[in-house]
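Peer 1: coordinates only, no sequence provided:
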Ligand code: SF4
Ligand code: SF4
């Protein structure tokens, strides 16, 4: 083994480390908040005028930013200068959820140790700071399958996206697979009647001007 190489388990420990990140704490908080609501409470919230215009309220939040919210955004912007992609990597609960789902994917960035020259270009190229040059298969919730490490690798057939068996998957194929999955899920939702909101245009016309005054149910 190359002296600079570490066991692949070190690369895999990325996902374990991620488990204690703030993003997972926030995700846990939101899941806990939903979990403690019973059926009638959930139904009341989903059918509430507040929920019907939740996106409008989000817009108003940023359009009429409070001093406190502005302070938080400035702190996050400052932290981003010190830690790369700090919000996405350590704080975003949605990113944590997607990261957990991504662990179910059979496709992973995979390094062929026999041909790897340990140049570390892959690790330097990774926007998520994953130690790709140490991993056998990248098993991190922070991997967004951006292929930058694969493109940066100078040795042919050494760093590839692949399942445990079968051929390597090219970037454009991966993109098609991701787009196909999106179309399949949204198409299924449309066909089963779960895509369109039950709020009518007339109700929106009434609710949107009053959105600012609507309280959380
Ligand atoms: S695919 Fe992108 S995020 Fe994943 S390990 Fe490679 S460079 Fe990092
Ligand atoms: S870029 Fe390729 S050759 Fe260099 S360390 Fe990464 S996998 Fe190995």
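Peer 2: Cool, got the structure. It should be emphasised that the depicted structure is a prediction, and the values quoted were computed from it without experimental measurement. Numbers count the residues shown, from 1 in each chain. Ligands and ions are numbered 1, 2, ... in the order given.
Peer 1: next SSE after the lowest-mean-pLDDT helix or strand in the chain?
Peer 2: Lowest mean confidence among the helices and strands of the chain (mean pLDDT, DSSP states H and E): helix 8-18, at a mean of 45. Moving toward the C-terminus from helix 8-18, the first helix or strand encountered (DSSP states H and E) is helix 22-35.
Peer 1: and the next element down the chain from that next one?
Peer 2: Scanning the chain past helix 22-35 towards its C-terminal end, the next helix or strand to appear is helix 39-46 (assignment: DSSP H and E).
Peer 1: buried sites along the strand or helix carrying residue 189?
Peer 2: With secondary structure defined by DSSP H and E, residue 189 is part of helix 171-191. Along helix 171-191, these residues count as buried under the neighbour rule (16 or more other CB atoms under 10 Å): residue 174. Yep, even glycine has a C-beta here, placed from its N, CA and C like the rest.
Peer 1: quick one: average pLDDT of it?
Peer 2: Helix 171-191 shows a mean pLDDT of 95 in the predicted model.
Peer 1: packing partners for that helix?
Peer 2: Packed against helix 171-191, as judged by 3 or more CB pairs under 8 Å, 6 or more residues apart in numbering; DSSP states H and E, are no other helices or strands.
Peer 1: and the most centrally placed residue in the chain, what element?
Peer 2: Centroid-nearest residue in the chain, with CA atoms, centre = their mean: residue 95, separated by 2.9 Å. Taking DSSP H and E as the criterion, the element that holds residue 95 is helix 93-102.
Peer 1: so which bits of this protein are right by ligand 2?
Peer 2: Along the chain, the residues adjacent to ligand 2 under the rule CB under 6 Å from any ligand atom are 111, 116-122, 132-133, 152-153, 155, 158-159.
Peer 1: burial count for residue 160?
Peer 2: Here the number of neighbours of residue 160 (other CB atoms under 10 Å) works out to 19.
Peer 1: follow-up on the earlier one: only the buried subset of the residues of the chain next to ligand 2, as a ChimeraX command please.
Peer 2: Filtering the residues of the chain next to ligand 2 down to the buried ones (16+ other CB under 10 Å) takes a single ChimeraX command:
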select :111,116,121,122,132,133,152,153,158,159
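Peer 1: keep the residues of the chain next to ligand 2, but drop any that are not near ligand 1.
Peer 2: Restricting the residues of the chain next to ligand 2 to those touching ligand 1 (CB under 6 Å from any ligand atom) yields residue 132.
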